[in-house]
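Undergrad: one predicted model, sequence on top.
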Amino acid sequence: MTEQTTVSGGRDIFIVSNSVDEMGGVTTWTHQMAREFTDRGHRVHVIGITPAPAGREHEFPEPLPYATTTLYDTHPPQVRPLRGIRGKLNAVERRRHAARAAGMRRRADRMTALFAAARPGAVLIVTQVWAMEWVALADTKGLLVIGMSHESYAASAATSRLSRVKRHYKDVDRLLILTPGDADRWIRAGMDNVGHMPNALPFMPEVPAPRSEKVVVSIGRLSHEKGVDMLLDSWAEIASRHPAWKLRIYGTGDEEQRLRARTTELGLDGSVEWKGRTNDVLGALSEASVFAQASRAEGFPITLLEAMATGLPCAAFDCAPGVREIIRDGEDGLLARLGNTVELGDHISTLITDEELRNRMGDAAFENVKRYAADEITDRWEALFAFLER
């Protein structure tokens with residue numbers, strides 16, 4: 001073993017996620033923080049449980065300056081709960097369960113070997129509770145273990161993830177939630193190891209975008225959760241009033257064909273542009289004047305941070321504490337009640353119509369979002385490591 005590692009000398013930091021390379025906010029966060037930690041002199045290893053599904057791979061623009069490992073070549077077999085006598089007597093399903101459990105133990109053993117080679121003072125960050133099911137089988141003795149939830153409490157409570165977080169994260173050194181409000185809800189739910197940590201800005205331009213193009217932009221996965229269908233309903237109320245303006249949508253996903261059909265049904269083909277996926281988020285945002293987000297659920301949306309860092313005023317549904325924390329309603333953006341497409345449309349229309357308001361809110365967004373600068377958030381992470389180590 002080497003001598004005790006200090007923050008200044010660099011730590012071994014493992015970040016374990018569902019996937020190393022699946023498109024989405026958690027992957028963006030993982031690789032941003034991996035790079036930030038690496039730049040601070042830490043030795044980072046990003047571990048994914050499974051590869052990204054076909055068509056959902058995140059494209060990396062250059063070789064990564066840290067190690068990555070994916071434990072499975074393909075997704076592990078799906079199993080159904082063995083309920084009652086019938087379940088216990090289902091030999092085929094029991095074999096599936098046994099095969100999955102054996103595969104999990106083998107992958108956990110592989111993580112154990114990686115963890116065992118770490119220097120004293122090492123930290124393990126688990127970004128998603130599904131990944132924690134594998135980490136829980138590994139030997140993490142000697143590591144600081146930090147679990148994370150990248151969604152709101154309400155989103156967890158609507159699924160099995162609430163009970164799984166309470167089960168798998170109850171003994172970690174710290175469970176990090178994205179906002180103070182949601183952290184309080186987890187504490188009230190019985191978790192006594194909870195803290196909060198916001199996402200960091202992926203970039204911070206020196207000057208805001210010119211906001212000279214007649215474009216409202218939306219960036220995100222084309223899925224039910226992201227609410228693009230509701231954004232289209234809002235745009236249907238706007239397009240005829242502002243025929244010179246376009247709604248530009250970046251992203252791919254399972255809902256794309258249905259959303260395109262909905263666009264045609266609403267008579268919006270001439271005012272909605274489908275741009276697909278982009279690796280140049282800053283460029284896409286810089287060519288717009290307003291950012292719109294109609295998500296049904298969010299955690300601490302990175303695209304919202306990116307839009308504000310670009311200097312765009314944002315109109316969004318008030319769908320989660322993270323959105324309310326990022327946008328100061330009436331100062332640097334406008335919030336609509338979740339699901340109220342008329343109200344969201346009115347907010348977008350207001351930002352289109354009132355250039356002075358648009359520029360004032362955009363400039364305020366550009367300044368206000370600096371509280372999430374990467375250096376400041378990384379400082380908070382390093383302070384947490386030191387605190388937990390005492």
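TA: Nice, I can see it.

Undergrad: strands of this protein, residue ranges please.
TA: Using DSSP state E, the strands of the chain run over residues 12-17, 43-48, 67-70, 123-126, 144-148, 174-177, 194-196, 215-219, 246-250, 272-276, 290-293, 314-317, 333-336.

Undergrad: turn those strands into JSON lines, columns for mean pLDDT.
TA: Converted to JSON lines, the strands of the chain look like this (pLDDT from 0 to 100):
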{"stretch": "strand 12-17", "mean pLDDT": "98"}
{"stretch": "strand 43-48", "mean pLDDT": "98"}
{"stretch": "strand 67-70", "mean pLDDT": "97"}
{"stretch": "strand 123-126", "mean pLDDT": "98"}
{"stretch": "strand 144-148", "mean pLDDT": "98"}
{"stretch": "strand 174-177", "mean pLDDT": "98"}
{"stretch": "strand 194-196", "mean pLDDT": "97"}
{"stretch": "strand 215-219", "mean pLDDT": "98"}
{"stretch": "strand 246-250", "mean pLDDT": "98"}
{"stretch": "strand 272-276", "mean pLDDT": "97"}
{"stretch": "strand 290-293", "mean pLDDT": "98"}
{"stretch": "strand 314-317", "mean pLDDT": "98"}
{"stretch": "strand 333-336", "mean pLDDT": "98"}
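
Undergrad: mind putting those in a markdown table, mean neighbour count included?
TA: Quick note: C-beta positions are derived from backbone N, CA and C, even for glycine. Shown next, in a markdown table, are the strands of the chain (neighbours: other C-beta atoms under 10 Å):
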| stretch | mean neighbour count |
| --- | --- |
| strand 12-17 | 25 |
| strand 43-48 | 23 |
| strand 67-70 | 15 |
| strand 123-126 | 26 |
| strand 144-148 | 24 |
| strand 174-177 | 25 |
| strand 194-196 | 19 |
| strand 215-219 | 25 |
| strand 246-250 | 22 |
| strand 272-276 | 15 |
| strand 290-293 | 27 |
| strand 314-317 | 28 |
| strand 333-336 | 24 |
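
Undergrad: mind putting those strands into TSV with distance to R96?
TA: Formatted as TSV, the strands of the chain follow (distance: least, C-beta to C-beta, whole Å):
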stretch	distance to R96
strand 12-17	24
strand 43-48	23
strand 67-70	22
strand 123-126	25
strand 144-148	28
strand 174-177	31
strand 194-196	35
strand 215-219	39
strand 246-250	39
strand 272-276	37
strand 290-293	40
strand 314-317	40
strand 333-336	45
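
Undergrad: from A101, how far out is P77?
TA: 10 Å (C-beta to C-beta, to the nearest Å).

Undergrad: likewise for D109?
TA: From D109 over to A101 (counting by C-beta to C-beta), the distance is 13 Å.

Undergrad: state the distance from the closest residue to H75 other than its chain neighbours to V172.
TA: Nearest non-adjacent residue to H75, counting by C-beta to C-beta, 6 or more residues apart in numbering: T50, 4.9 Å away. To V172, T50 is 22 Å away according to C-beta to C-beta.

Undergrad: T303 now?
TA: On the measure of C-beta to C-beta, T303 and V172 end up 28 Å apart.

Undergrad: so the two - more neighbours on which side?
TA: Taking neighbours as other C-beta atoms under 10 Å, T303 and V172 compare with T303 leading, 25 against 22.

Undergrad: roughly how far apart are that one and G181?
TA: Taken as C-beta to C-beta, the span from T303 to G181 is 21 Å.

Undergrad: what's the answer for K226, then?
TA: Relative to G181, and taking C-beta to C-beta, K226 is found at 22 Å.

Undergrad: ok, now which ones touch R11?
TA: Applying C-beta atoms under 8 Å, 6 or more residues apart in numbering to R11 gives the contacts T5, H42, R43, R119, G121, A122, V123, F385.

Undergrad: out of the residues you listed, which is most surrounded?
TA: V123 (25 neighbours).

Undergrad: so that one makes contact with F385?
TA: Yes - the pair V123 / F385 is scored as a contact, 5.6 Å apart, by C-beta atoms under 8 Å.

Undergrad: shared neighbours of those two, anything?
TA: Joint contacts of V123 and F385 (C-beta under 8 Å, 6+ apart) are R11, L144.

Undergrad: how about P208: what's its closest non-neighbour residue?
TA: G311 (2.3 Å).

Undergrad: measure how buried that neighbour is and give me the count.
TA: So G311, with other C-beta under 10 Å, has 26 neighbours.

Undergrad: OK, contacts around it?
TA: P205, V207, P208, A209, R211, G362, D363, A365, F366.

Undergrad: tally of neighbours for L71?
TA: When neighbours are counted by other C-beta under 10 Å, L71 comes out with 21.

Undergrad: that one and I15, how far apart?
TA: Counting by C-beta to C-beta, the gap from L71 to I15 is 14 Å.

Undergrad: which neighbours do the two have in common?
TA: In contact with both L71 and I15: I47, using C-beta under 8 Å, 6+ apart.

Undergrad: just for the chain, where's the confidence low?
TA: By pLDDT under 70, the weakly predicted segments of the chain are 1-9, 79-80, 82-90.

Undergrad: what's the single longest helix in it?
TA: In the chain, assigned by DSSP state H, the helix with the most residues is helix 91-116.

Undergrad: chain center to that one: distance?
TA: Helix 91-116 sits 27 Å away from the centroid of its parent chain (C-alpha atoms, centre = their mean, to the nearest Å).

Undergrad: what packs against it?
TA: Identification of packing neighbours for helix 91-116 by 3 or more C-beta pairs under 8 Å, 6 or more residues apart in numbering; DSSP states H and E yields strand 12-17, strand 43-48, helix 129-135.
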